[in-house]
Structure formats: structure tokens, C-alpha cells
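Engineer: Fold the following, please.
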Amino acid sequence: MPSAPRGILACAAVFALAGCSLVPGYERPAAPVAAAWEGPPAGTDEATAPADLGWREVLGDPRLQAIVSLALENNRDLRVAVLNVELTRAQYRIQRADQFPAIAASAGTTSQRVPGDLSPSGQTSVGTAYSVGVGASAFELDLFGRVRSLSAAALEQYFSSEEARRSAHLSLVATVATQYLAGRALDDQVALARRTLETVDSSLALTRRNYEGGRTSELDLRTAESQVETARFNLSAAVQQRAQAQNALVLLVGEPIPEDLPAPLPLDAQAIVAELPAGVPSQVLARRPDILAAEHALRSANASIGAARAAFFPSISLTAFGGTSSAALSGLFGSDSATWSFSPRLNLPLFNAGALRASLDVAEVRKSIEVARYERAIQVGFREVSDALVARAELERQLEAERARVAAEERRYQLSDLRYRKGVDSYLTVLTAQRDLFAAQQQLIQSRLARLSNLIELYRALGGGWRERSEQAAAPAPQKS
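Structural biologist: Residues are numbered from 1 along each chain as shown. Next comes the predicted model:
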């Protein structure tokens, strides 16, 4: 009878050890950034986090919305990110399966020849045995959490890949929107180049008539001709850049852009949500998918340390089989054919030339690497938001300055052209004024593009862009009673 209590105590000890884990306690590293961003905040409304603002609410151009939707369906880089999630999910399921015994049905036959000196009868014999049954392969009792640690590491890798997919989604939305706006800016550049060519062509016609009538010099005529050719070159270059921008957009979308999409809005009519709430750094950066992916990778490395530590301790594996066995196929299911086997095995590491110690060192170094990567991701995110906030305020001032400059250059060109037509100034004055006006108009288009691109970059840097619609917009309307 005393053996029964000892057996119960032994089983209790095994189950107690089965709950043991050698994984170090996880502590999130402190964010190596300032407590707040310098410069003006992005907004004061913290009711909706940037990551919860859907890109359809931020990007107001219906054509842009349709193109982003197509890109999310067909972009090959995003497709690879989605497949990587499926891959890591399957790998986690494989690793998790090691926590359970693998049971399989088997049926087989064994033929053997036994020499006379090994046979009890002293005669050489040849025999055949048949067996049918169910067996469990070598199953490790996870006494120190090695298998569970490996499973936890695989699970965190899966979570990391899912966050990487969201980060790829976010980057694709921002990249497509920025490229689309660049195309709209080049549309304006092409239109500006055409208007300029028409203007200088008209001036050339006037200068040629004045030259033929002896009222101007050949220098003015050749200057006007050079101006026309320069305008033609600028138009050709703008058309080329516009076509290349369209090719880049098609590559991002992953298929030719349909012709039945809504008409594009002009660059100066683009409706990009400007008031993006920033909140505090801990709230904003914690929502960025790339930072979440880095933290899950860190958690995975932390769990791997537990598996490396558990390898130092003994492990027990179990193999079992139960079924029927007989020397004759007809007697396989007889009343006395039952058979079973149970094979526990204890493995105790004694000497491995430092391989286990080196494996633990590798796991700890990998964790240190992931800590550095996590901190680096936070620093990069903090800088991206800081740059976007600083640029936002300055770009507004630059845009106002460019508008005023264009207005002044337009008036200057009008006065120069009027004085030339009255014979007060030479054509060189008109040429200089026209060139300065063209440059100012080009810069105004670039300033508009820079401001809109900055709003998109700020939205992305704050963690928005991976939702199609905001949580409030997506929520179902309450039912009336």
C-alpha cells in the first residue's frame, strides 16, 4: 500500500514540473525618445487615434480612393506580405503540434530468420509476424517548458508577420496617394508648359513682325526664337515625366488603371484631411504596425531563451503502442492476440562540447539585437512624426509666399510686355520676366504637392492608413426601438 501514495506524489510532481517555464520575465524597453514632440501639435482632438482614421475619410478624391482600393487588391509586394502571414501561421501550427502526442494507426508484417545458436530449440527458424494497432510516437513531457517556449516564440513571429503586413498596407496606401498626387502635379506642369508655349509663340509672332518692319533688332528676334524652343523643351520634358509617373502608379496598383474611374480632381482641389490628432508619443507610436512588429519579434526572442535554458535539463519522452499481433494472419484478431508496449526514455545532457551554452548565448544575443531593433523602430517613428510636424507648419508659410510671388511675377510680366509693345524696353526685359514667372508658377505647383504629400506622410507616421474606414464610420447605426 505505501507504493500507491508514492506513485500519486510522483505523478503530482510530474504535472507540477509540466507547468514550469524558464522564459525570462518580459519587460517592454523604455522608449529612447523625448516625452513630447517639438513644434506645433498636429491637432487637439484626441477622441480618434490616427490609426483609427480610415484612409477613405482622409483621401477625398474619389478617383484616388478607387486607385488605392485596386492597389490593395493587386499590389504584388502586399500580396507577398499577406502570404508571409499565412506562412508564419502554418509554422506556428507545426510548432504548437509538438505539445501533443502524435497518434497514428499502423499495420505491418515482419519476417525474420533466427539462427540455431540463438533459438531456444537450437534449430534455425524462419517466422513471420503480423500486427495491427495504434501507436504514439516519441512524445516529450514538457517538464521545463522547452516545447511551450518554442511554440510561444513561433506565435510571436506570427503576430510580428501580421503587423508587418499591416505596415506594408499602410506604406502602400501612402505611396499610392503620394504618387497619384505627383501625377496631378505633373498634369499642372504640362498645362503650364502648354500655356507658356502659347504665350511665347504669340510673342515670337509679334517680334517677327516688328523685325520685318524694322522696329526691332535681330537680337530680339533670335531671343524670342530661343524662348520658344525652350518652352517646347519644357513641355516635352513635362509630358515625359507625366508618362513615367503614370507608369510608376500602374506598377504600384499592379494592373492597368481602368478608364471608367471618376475624373481626377486638380491638385489645388485635393481634399486631404488636415487636422490629424497627434496625442502623446506613447499613444501614437504604440499604434504603429512596424513598432508592434518589432515588439513581437522581441517577445519571440525572449521566449527562445526559455527554450535554450530548458535544453540544459533532463527530458522524458514516451513511446507507446497497443493493438494485436499474431504469427498467422488469420489469428490476428484472436482472443489472445492483444499486445502493447510502453517505452519511456530519460535524456540527460552530460557532455556536448559547450553546444548548449552556445545556444543559450545565441538566444540572449538575439534578444539584445531585437531590443536594439525595437528601440530603433521607436526612434525612426518619432523622427518621422517630428519631421512631418515641423514641415507642416513651414510648408503652409512657403505656400503662402509662393502664391504672393506668383501674383507679383504675373504683374511684372504684364508690365514688361506692355513696355516692350510700346517700345520703351527691349525684349530682354520681357524674356527675364517670363522666365521668372514660369519658375515661380512651377515652384507653386511643387509647394502644393509638398504640402499634400506632407499631410499624407504625417497620417502614415502617426500610424494611420491600414484601416479603410474609421471605427466610427464603420460602426453600424443603432436600431430604433
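Engineer: residues touching Gly133, list them.
Structural biologist: Taking CB atoms under 8 Å, 6 or more residues apart in numbering, we find Gly133 in contact with Ala105, Ser106, Phe321, Gly322, Gly323, Thr324, Ser325, Thr339, Trp340. To be clear about C-beta, it is placed using only N, CA and C from the backbone, and glycine gets the same treatment.
Engineer: Any of those buried? List them.
Structural biologist: Applying 16 or more other CB atoms under 10 Å to these, the neighbour count classes Phe321, Gly323, Thr324, Ser325 as buried.
Engineer: Next, the last one: phi, psi?
Structural biologist: The one in question is Ser325. The phi/psi pair for Ser325 (degrees, to the nearest 10) reads phi -150, psi 140.
Engineer: check contacts around it.
Structural biologist: Ala129, Tyr130, Ser131, Val132, Gly133, Leu332, Ser337, Thr339.
Engineer: Pipe the residues you listed into a markdown table and attach secondary structure, distance to Asn84 and pLDDT per row.
Structural biologist: Shown next, in a markdown table, are those (DSSP: H, G, I helix; E, B strand; the rest coil; distance: CB to CB, whole Å; pLDDT from 0 to 100):
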| residue | secondary structure | distance to Asn84 | pLDDT |
| --- | --- | --- | --- |
| Ala129 | strand | 49 | 78 |
| Tyr130 | strand | 48 | 77 |
| Ser131 | strand | 44 | 80 |
| Val132 | strand | 43 | 83 |
| Gly133 | strand | 41 | 79 |
| Leu332 | coil | 49 | 72 |
| Ser337 | coil | 51 | 79 |
| Thr339 | strand | 47 | 83 |
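Engineer: which residue ranges form the strands in the stretch 101-250 of the chain?
Structural biologist: 103-114, 125-141 (DSSP state E, counting those that start in this stretch).
Engineer: if you compare those strands, which one is most tucked away?
Structural biologist: Burial of the strands of the stretch 101-250 of the chain is given as mean neighbour count (mean count of other CB atoms under 10 Å); strand 125-141 ranks first at a mean of 15.
Engineer: Return the list of strands paired to it, each annotated with direction.
Structural biologist: strand 103-114 (antiparallel), strand 315-326 (antiparallel) (DSSP bridges).
Engineer: Pull the residues that contact the first one.
Structural biologist: Counting by CB under 8 Å, 6+ apart, the neighbours of strand 103-114 from elsewhere in the structure are 124-137, 323.
Engineer: Flag every buried residue along the helix or strand harbouring Ala303.
Structural biologist: Under the criterion of DSSP states H and E, Ala303 resides in helix 289-310. By 16+ other CB under 10 Å, the buried positions in helix 289-310 come out as 289-310.
Engineer: mean confidence score for it?
Structural biologist: Average pLDDT, helix 289-310: 92.
Engineer: Quick one: distance of it to the chain centre.
Structural biologist: Averaged C-alpha coordinates place helix 289-310 at 19 Å from its chain's average position (CA atoms, centre = their mean, to the nearest Å).
Engineer: repeat for stretch 316-333
Structural biologist: Relative to its parent chain, stretch 316-333 has a centroid offset of 53 Å by CA atoms, centre = their mean.
Engineer: What segments of the protein are helices?
Structural biologist: Along the chain, counting by DSSP state H, helices occupy 3-18, 55-58, 62-74, 76-97, 146-212, 218-253, 281-285, 289-310, 355-421, 427-461, 471-474.
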